[in-house]
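Asks: just coords:
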């Protein structure tokens, strides 16, 4: 099911139950993980925050916790990877379909992609996960990396 996602998701770039109170804060937390792990350049976090303001990535779901999939241009990426965060309390992201609408987001998948083919693959993996209610329920209640692996199938 979500095996492809676990291939791109670095275990050390998973933040469960973050106390972040804004979309910028959770983006910077996750971007910091990717930077320290060698996935992205120091310019990445600022670039993602700027892009999120211009081209929002909040994705409304029919469930309580919406999802955001922030990313930025390939020149800020050293190698492909994904960071994931769950939030104790949802933070507001603008809706990608209606930027004037603010969505309470509980899950953030931060993409670091430097190859168009990989971007499509990464988005498909993320979409497969977020369209699966059981996967989201499992991620919402995950407290450990083993919990995440059990949900995402690795």
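Replies: Received it, and whenever you're ready, just let me know what you need. Quick caveat, the model's predicted, so the values are computed rather than measured. Numbering: from 1, shown residues only.
Asks: please identify the helix or strand for the residue nearest to residue 130 when sequence neighbours are not counted.
Replies: Distances taken as C-beta to C-beta, 6 or more residues apart in numbering place residue 67 nearest to residue 130, at 4.9 Å, with adjacent residues excluded. Placement of C-beta: from N, CA and C, glycine included. For residue 67, the host element (DSSP states H and E) is strand 66-68.
Asks: what does residue 45 give?
Replies: Applying DSSP H and E, one finds residue 45 within helix 44-54.
Asks: excluding chain neighbours, give the residue nearest to residue 139 in space.
Replies: residue 151 (5.6 Å).
Asks: quick one: list the elements packing against the helix or strand harbouring the one you found.
Replies: Per DSSP H and E: residue 151 is located in helix 145-152. Other elements packing on helix 145-152 under the criterion 3 or more C-beta pairs under 8 Å, 6 or more residues apart in numbering; DSSP states H and E are helix 3-8, strand 9-18, helix 133-141.
Asks: how far is that helix from where the chain is centred?
Replies: Here the centre of helix 145-152 is set off from its chain's centre by 16 Å, with C-alpha atoms, centre = their mean, to the nearest Å.
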